[in-house]
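In: Please work out how this folds:
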Amino acid sequence: MSGLARSTYYRRPDPARAQAAADAALRATIEAITGEFPGYGYRRVTHELRRRGTTVNHKRVARVMRASALAARMPAALESVGAGRDIGLAASMPSRLAKSIVASR
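Out: A predicted model of the protein is given here:
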C-alpha cells in the first residue's frame with residue numbers, strides 16, 4: 001500500500017533515549033549549580049532548580065548527581081587547638097578540686 005513496513009508504522013520511540021537527553025540537559029544545569037555552590041547536596045540543588053524555574057523531582061536530581069559523581073564537597077575537618085594536650089577548664093578541674101578538698105580526721 002504505502003510501501004512502509006508494518007514494524008516501521010507501529011514503531012515507538014525509545015523512552016530511554018528521550019530520558020538520557022533530558023538528563024543530559026539537567027546534568028549541565030546541576031553542574032552549573034554545584035560549581036557555583038560546591039557544598040550543595042541534592043536537596044539544596046533541587047530547591048535551587050525550582051527557584052530557577054525548572055520543575056524536577058528530588059529523586060531524579062539525586063539519581064543524576066549520583067550517576068555523574070556530583071556529590072557535595074564537604075569542608076575540611078578543622079583540627080582543634082588543643083589536640084593532644086589537656087587544656088581548658090575540664091583539664092584543670094581535678095587539680096582545682098584537689099586543692100579545695102582538705103582531708104581531715
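In: And the helices in the protein?
Out: Assigned by DSSP state H, the helices in the chain fall at 6-9, 15-36, 42-51, 58-67, 89-100.
In: The second one packs against which elements?
Out: The reference is to helix 15-36. helix 42-51, helix 58-67 (3 or more CB pairs under 8 Å, 6 or more residues apart in numbering; DSSP states H and E). Bear in mind the C-beta positions are built from the backbone N, C-alpha and C, glycine included.
In: What's the separation between residue 47 and residue 5?
Out: Residue 47 sits 49 Å away from residue 5, going by CB to CB, to the nearest Å.
In: of those two, who's got more company?
Out: Set residue 47 next to residue 5 and count neighbours by other CB atoms under 10 Å: residue 47 wins out with 14 against 9.
In: mind listing what that one touches?
Out: Neighbouring residues of residue 47 by CB atoms under 8 Å, 6 or more residues apart in numbering: there are none.
In: quick one: residue 40 from residue 63, how far?
Out: 16 Å.
In: where's the most centrally placed residue in the chain relative to residue 65, distance?
Out: With distances taken as CA atoms, centre = their mean, the residue of the chain nearest its centroid is residue 41 (2.3 Å). For residue 41, the distance to residue 65 under the criterion CB to CB works out to 8 Å.
In: Give the residues shared as contacts by the two.
Out: If you check residue 41 and residue 65 against CB under 8 Å, 6+ apart, the residues they both contact are residue 71.
In: circling back to that earlier point, any chance of the helices and strands packed on helix 15-36 in a markdown table, plus mean pLDDT and distance to residue 17?
Out: Converted to a markdown table, these look like this (pLDDT from 0 to 100; distance: least, CB to CB, whole Å):
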| stretch | mean pLDDT | distance to residue 17 |
| --- | --- | --- |
| helix 42-51 | 95 | 23 |
| helix 58-67 | 93 | 16 |
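In: To residue 18, which of those helices lies closest?
Out: Checking the helices and strands packed on helix 15-36 against residue 18 by CB to CB gives helix 58-67 as the closest, at 13.8 Å.
In: buried stuff in that closest one?
Out: Using 16 or more other CB atoms under 10 Å as the test for burial, helix 58-67 gives 60, 61, 64, 65.
In: which residues sit in contact with the closest residue to residue 39 other than its chain neighbours?
Out: Computed as CB to CB, 6 or more residues apart in numbering, the closest residue to residue 39 that is not its neighbour in sequence is residue 72, at 5.3 Å. Contact partners of residue 72, counting by CB under 8 Å, 6+ apart, are 34, 38, 39, 40, 41.
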